[in-house]
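In: Below is the sequence, then the predicted model.
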Amino acid sequence: MGKVKKIAKPVTEAQHQRAVILWSEQPSIRQKYPELKLLYHIPNGGTRDAVEGRHLKEQGVKSGVPDLHLPVARGPYHSLYIEMKTETGDTSGAQDWWLEELSKQGNFCEVCHGWESAVKVLEWYLCL
């Protein structure tokens, strides 16, 4: 097995999410879970000026869509959505709505507080 990358202690939600991606890109992890090549971020958050925000909204960006998506079917689920949060972060009403609606459509959805939580969910899901 390859050497595991050392991940600095994340503080922000973005840093936790980056840690998940770094974990998923390790050769030893990709060898074990090749489906992680399909894991991607849905860039709905962040700070944007009004013009860029309007353009993104016109292109279909929607508030509250989960941060990460793994379009791989496992068990009874069509795919996996992860909403990343810091250890103390809370979901918004829009995020709760999306998680509920995506679950109704046969997807597994989880709010993960910290990158380690997301890694556990990814491993659990891929082993279904």
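Out: Alright, I've got the coordinates.

In: in the helix-or-strand element of the chain with minimal mean pLDDT, what's buried?
Out: Taking mean pLDDT, DSSP states H and E as the measure, helix 50-58 is the helix or strand of the chain with the lowest mean score, a mean of 85. Going by neighbour count (16 or more other C-beta atoms under 10 Å), nothing in helix 50-58 comes out as buried. No exception for glycine: its C-beta is placed from N, CA and C like everyone else's.

In: How far off centre is it?
Out: Chain-centre distance of helix 50-58: 23 Å, with C-alpha atoms, centre = their mean, to the nearest Å.

In: After that helix, which helix or strand is next?
Out: strand 68-70 (DSSP states H and E).

In: Contacts for that following strand, please.
Out: 17, 20, 35-36, 38-42, 79-82, 84, 118, 122, 125 (C-beta atoms under 8 Å, 6 or more residues apart in numbering).

In: chain center to it: distance?
Out: Per C-alpha atoms, centre = their mean, the displacement of strand 68-70 from the mean C-alpha position of its chain is 5 Å.

In: Quickly run through the sheet partners of it, with directions.
Out: Strand 68-70 pairs in its sheet with strand 40-41 (antiparallel), strand 80-85 (antiparallel), by DSSP bridges.

In: what ranges of this protein fall below the confidence cut-off?
Out: Flagging of the chain using pLDDT under 70 yields the residue ranges 1-8, 46.

In: in it, which spans are helices?
Out: 13-25, 27-32, 50-58, 93-104, 115-126 (DSSP state H).

In: I'd like to know which elements the shortest one is packed against.
Out: So that's helix 27-32. If contacts are counted by 3 or more C-beta pairs under 8 Å, 6 or more residues apart in numbering; DSSP states H and E, helix 27-32 sits against no helix or strand.

In: Buried residues, that helix. List them.
Out: So helix 27-32, judged by 16+ other C-beta under 10 Å, has buried residues I29.
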